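Asks: need a 3D model of the sequence below.
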Amino acid sequence: QVQLVEYGGGAVQAGGSLTLSCTATGRSISNSHMGWFRQAPGKEREFVAAISWSGANTNYVDSVKGRFTISRGNAGNTIYLFMNNLQAEDTAVYYCGGPLRSLWDTGPVDYWGQGTQVTVSS
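Replies: Alright, predicted model coming up:
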């Protein structure tokens, strides 16, 4: 069983930056593709970014390309999301999840974190 715990949400003004982290306990995720997702009020959860098990490959939703960066550390058991130039439309609860079927087809996700709120004011 994998437990995923996210940290780093908060409130910022438009143009600001935040870093989210997601740490796995219980079982290693170092051999799993992992991702970040978000859910805005009244909307379905959507894919944001994915990273391969090795960290060598990534994929992003078009709306965050050039602004967000996903990476992994801690021997592959912590996933980060560096978010720059945040905009009001980035306001959502952010979740890490995995393992993913692939970086472009996440498939059903077995494990989710509890979510962390990101609020961007314009």
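
Asks: contacts, neighbours, all on C-alpha from now
Replies: Will do.

Asks: can I assume Gln1 is in contact with Gly26?
Replies: Yes: taking contacts as Cα atoms under 8 Å, Gln1 lies within contact range of Gly26: 5.9 Å.

Asks: which residue packs closest to the residue minimising distance to the centre of the chain, ignoring adjacent ones?
Replies: Geometric centre of the chain, nearest residue: Trp36, 2.3 Å, by Cα atoms, centre = their mean. What sits nearest to Trp36 in space, not counting adjacent residues and going by Cα to Cα, 6 or more residues apart in numbering, is Cys96, at 4.4 Å.

Asks: helices or strands next to the one helix or strand the one you found maps to in the packing?
Replies: In the assignment (DSSP states H and E), Cys96 maps to strand 92-98. Applying 3 or more Cα pairs under 8 Å, 6 or more residues apart in numbering; DSSP states H and E, one finds that strand 92-98 makes contact with strand 3-7, strand 34-39, strand 111-112, strand 116-121.

Asks: hang on, isn't the residue nearest to Trp36 packed against Tyr7?
Replies: No: in this structure, Cys96 is not within contact of Tyr7 by Cα under 8 Å, at 10.3 Å.
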